[in-house]
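Trainee: I would like to see how this sequence folds:
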Amino acid sequence: MGKPTGFLEIDRQVSKEIEPKKRILNFKEFHKPLSKEEQACQGARCMDCGVPFCQSGKMIDGMASGCPLNNLIPEWNDLVYHNNYKQAFIRLRKTNNFPEFTSRVCPALCEAACTCGLNGDPVTVRENEHGIIETAYKAGWMKPEPPTHRIDKKIAIIGSGPAGLASADQLNKRGYHVTVFEKDDQPGGLLMYGIPNMKLEKEVIQARVAIMKLEGVEFKTNTPIETKKQANELLKEYDRIILACGSRKPRDIVVPGRDAKGIYFAVDYLTGITKSLMKSDLKDETYVPTKGKNVLVIGGGDTGNDCVGSAIRLGCHSVVQLEMMPELPTQRLDSNPWPEWPKVKKTDYGQKEAIAVFGHDPRLYTTTVKEFIKDDKGNVKQAVIVQVESKKVDGRFQMVPVKGTEKTIDVDLVLIAAGFVGCENATVQAFQVDLTKRNTVVTDTQYRTNQEKVFAAGDMRRGQSLVVWAIKEGREVAHAIDEDLMGYSNL
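Mentor: Residues are numbered from 1 along each chain as shown. Next comes the predicted model:
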């Protein structure tokens, strides 16, 4: 461990944030990293527990506790404390293909399970991970390492999100010929177009993809695989195929007035902003107009928060965010003990910015939309919102409207961030793979679908989830394919 008494003597410290009213002037990342000295102190807080829950990745009560990738966290915390960043980088890369992504967008399941958090503040695991990988880039350690020998087998991967990228990285390192097909103009999936720039600058993704290209991975962008003819051609040309297209079918809101103009799905809204930002620094104005609008965000999760932050940066007049579930407590309840994931209220960056700009939290809890009202040109101009409560309907609990709680608010722009309901149909139908009732691809324990040679991984298989889970699935499907083709695997 770092310093035996470190957790008793040193307080938790995290990176500083640029204050909200300054950071909303652009779409740049807004955290100021800790210095090497500060990181060493934070590494010293690691207790090197007898049971390191931080890296366990176990499911407790339906939620992950600890890192799904089983990152060797106590080891690289100790190495950070001793300023041995080269070795820390080597240990980090043994389990995580993309720490430059996870150290920015992961909700830090590891920290929620940290033993220090039982009676105090957890170790700043994600901060240390970020320090390690950024140091590696600056020092030139993060460089192309193509395989010295190639296996005469070809793998096609459909989709270049974190699951597709992780499987491509693993299989390429093993020596397979790997081709990644992406329907968008840039690799990265929702990393590229679903997560806004202020959380993950796109140069980070592009730099990592550039390394993979130099290592031998082939990327074919603007290439959707959505017809049976394409599927059959790939099945003939490639030895194995991985479907990693994500869970991108958005959940809709079915209420009167839904056909009004000015109502968009959140990912489409965020994608338009990112594309405009990358092409012209927003000068082409090809994104959804937001300046001066009264914005309604439907959904209280991470994507909803990203919409709040993006709308504020684009100059909205007001923003309201609806959350169907009740407001969570500020501290753990006795019914939610460590090391379970803490079910507590989180005020994220977008909500903090709304508080700074408008003077209040944008969230309305236990509230949903009952109706959209259109003007004479068909544009949305108002929304009727209503409070909901949990009631048993047909044998199961549902959130139902409370009569008499309706309220009409002015709305010019509506962003639906109500989650996703599984994978899109075209690729599934092209390969004729079976789906579950949740609209995810059916696989066995080795990620095989019902079709010979076709595997599936990531959100497409498990449903909407975290980047860290997608990376884990990408690594595991690569192992399964390697074993399937070679009879064993050293991945």
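Trainee: alpha carbons only for contacts and neighbour counts from here, please
Mentor: Noted.
Trainee: spatially nearest residue to Val308, not counting backbone neighbours?
Mentor: Gly350 (5.3 Å; Cα to Cα, 6 or more residues apart in numbering).
Trainee: do I have it right that that neighbour meets Asp306?
Mentor: Yes. Applying Cα atoms under 8 Å, one finds Gly350 in contact with Asp306, separated by 6.3 Å.
Trainee: report the mean per-residue pLDDT for the strand or helix carrying the residue nearest to Val308.
Mentor: Element membership for Gly350 (DSSP states H and E) is helix 349-358. Mean pLDDT, helix 349-358: 98.
Trainee: residues of it that come out buried?
Mentor: By 16 or more other Cα atoms under 10 Å, the buried positions in helix 349-358 come out as 349-354.
Trainee: before we move on, back to that, so how far is Val297 from the residue nearest to Val308?
Mentor: Distance, Gly350 to Val297, by Cα to Cα, to the nearest Å: 12 Å.
Trainee: give me the common contacts of those two.
Mentor: 307-308 (Cα atoms under 8 Å, 6 or more residues apart in numbering).
Trainee: now Ala156, what's its secondary structure?
Mentor: strand (DSSP: H, G, I helix; E, B strand; the rest coil).
Trainee: show me the beta-bridge partners of it.
Mentor: Thr179, Ile241 (DSSP bridges).
Trainee: that one: how many residues sit nearby?
Mentor: 23 (other Cα atoms under 10 Å).
Trainee: distance of it from Cys67?
Mentor: For Ala156, the distance to Cys67 - Cα to Cα - is 28 Å.
Trainee: on that earlier part again, elements contacting the helix holding Gly350?
Mentor: If you count contacts as 3 or more Cα pairs under 8 Å, 6 or more residues apart in numbering; DSSP states H and E, helix 349-358 packs onto helix 20-23, helix 302-313.
Trainee: single out the most deeply packed of those.
Mentor: A comparison of those by mean neighbour count, using mean count of other Cα atoms under 10 Å, puts helix 302-313 on top with a mean of 24.
Trainee: residues in contact with Arg475?
Mentor: Here Arg475 is in contact with 163, 166-167, 170 (Cα under 8 Å, 6+ apart).
Trainee: and which of those residues is nearest Asp376?
Mentor: In terms of Cα to Cα, no member of the contacts of Arg475 lies closer to Asp376 than Ala163, at 45.9 Å.
Trainee: so the closest one sits against Met460, correct?
Mentor: No. Counting by Cα under 8 Å, Ala163 sits too far from Met460 to count as a contact (9.4 Å).
Trainee: any shared contact partners between these two?
Mentor: Joint contacts of Ala163 and Met460 (Cα under 8 Å, 6+ apart) are Ala244.
Trainee: of the two, which one has the most company?
Mentor: Between Ala163 and Met460, counted using other Cα under 10 Å, Ala163 has the larger neighbour count: 35 against 27.
Trainee: now the angle from whichever strand or helix holds the more buried one to strand 154-158?
Mentor: Element membership of Ala163, judged by DSSP H and E, is helix 162-174. Angle between the axes of helix 162-174 and strand 154-158 is 170 degrees (criterion: axes from the mean of the first three to the mean of the last three Cα atoms, to 10 degrees).
Trainee: name the residues that touch helix 162-174?
Mentor: The contact list for helix 162-174 (Cα under 8 Å, 6+ apart) reads 97-98, 146-147, 150-151, 157-158, 178-180, 188-189, 191, 212, 215-217, 242-245, 457-458, 467, 470-478, 482, 491.
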